[in-house]
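Student: Sequence plus predicted model, see below.
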Amino acid sequence: MISIAADLAGCHPRTLRIYEEEGLLEPVRTETNIRLYSDEDLRRVRVIRYLTRVRGVNLAGVKLLLQFRDAADLLEQLASELDDAGADDGERAL
């Protein structure tokens, strides 16, 4: 729930709503429209708060940085899968 998540993240519930409105956060919603935050969501909030408060990045900049991070994570995952597939192919050849 938003109030509990805000307490855990050390911010106001309105901050979480703003992050969601800006597309920085996408909590799961129940059938009754209650926001549910995962541990990954809370980690993301901490990263956003660090970038805005400590590094002085605005929310548009944060959005770009998070997109770059997500893209880098995807590329890393794909490279790992390709390495695994190459190892599998090599084992079959032996």
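Tutor: Perfect, I can see it now. Remember, predicted model here, so these are calculated numbers, not experimental data.

Student: chain center to stretch 39-51, what's the gap?
Tutor: Here the centre of stretch 39-51 is set off from its chain's centre by 7 Å, with CA atoms, centre = their mean, to the nearest Å.

Student: helix, strand or coil for residue 17?
Tutor: helix (DSSP: H, G, I helix; E, B strand; the rest coil).

Student: quick one: contacts for it?
Tutor: residue 2 (CB atoms under 8 Å, 6 or more residues apart in numbering). Where you see a C-beta, it was placed from the backbone N, CA and C, and this is true even at glycine.

Student: give me that answer again for 10 Å
Tutor: The contact partners of residue 17, by CB atoms under 10 Å, 6 or more residues apart in numbering, come to 2, 6, 25, 35.

Student: Reformat those as JSON lines; add secondary structure.
Tutor: Below are those laid out as JSON lines (three-state DSSP):
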{"residue": "2", "secondary structure": "helix"}
{"residue": "6", "secondary structure": "helix"}
{"residue": "25", "secondary structure": "coil"}
{"residue": "35", "secondary structure": "strand"}
